[in-house]
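**Q** using only what follows, build the 3D model:
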Amino acid sequence: MVSRRKKRRRKVKKGLPLIYFVVFVFCVFVGVKLYSLKSQQKALEEKKILLEQQIKSEEQRAEELEALEKYMQTKKYMEDVAKDKLGLVYPDEILLEPTN
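**A** Numbering: from 1, shown residues only. Down below sits the predicted model:
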């Protein structure tokens, strides 16, 4: 008769390839997921850089708008608008028009 130990060893030897297969499939799955996450990380890094550039340009635009707002509250701006759009001049100012 075959002893119990030998039977048990045969069962373990029969189940070993299945365990190897499961471990292999698990490793493949983890590898694929890791690759997917790495590519996603790269895309997100590129998007982060783009958004940081947009933030800088919008901050610069906000500064320009603040400077324009300050200029628009000055007397010089009002004079320029009155001259350009309305054609107004000071009483002692002389305008020369070019002749064709």
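**Q** just say helix, strand or coil for residue 70.
**A** Secondary structure assignment for residue 70 (DSSP: H, G, I helix; E, B strand; the rest coil): helix.
**Q** relative to residue 77, how far out is it?
**A** As judged by Cβ to Cβ, to the nearest Å, residue 70 and residue 77 stand 9 Å apart. All C-beta spots, glycine's among them, are computed from the backbone N, C-alpha and C.
**Q** do residue 37 as well
**A** Taking Cβ to Cβ, one finds residue 37 at 55 Å from residue 77.
**Q** again with residue 89
**A** Applying Cβ to Cβ to residue 89 and residue 77 gives a distance of 17 Å.
**Q** over to residue 87?
**A** 17 Å.
**Q** who's more crowded, the two?
**A** Ranked by neighbour count (other Cβ atoms under 10 Å), residue 87 and residue 77 place residue 77 first, with 13 against 8.
**Q** send me the helix or strand hosting the more buried one as CSV with only the CA atoms.
**A** Under the criterion of DSSP states H and E, residue 77 resides in helix 75-84. Presented in CSV, the C-alpha positions along helix 75-84 are these (Å, rounded to 0.1, in the frame of the first residue of the first chain):
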residue,chain,number,x,y,z
LYS,A,75,-7.1,112.5,-16.0
LYS,A,76,-4.7,111.6,-18.9
TYR,A,77,-7.0,108.8,-20.0
MET,A,78,-10.1,111.1,-20.0
GLU,A,79,-8.2,113.6,-22.1
ASP,A,80,-7.1,111.0,-24.6
VAL,A,81,-10.7,109.7,-24.9
ALA,A,82,-12.1,113.2,-25.3
LYS,A,83,-9.6,114.0,-28.0
ASP,A,84,-9.8,110.7,-29.9
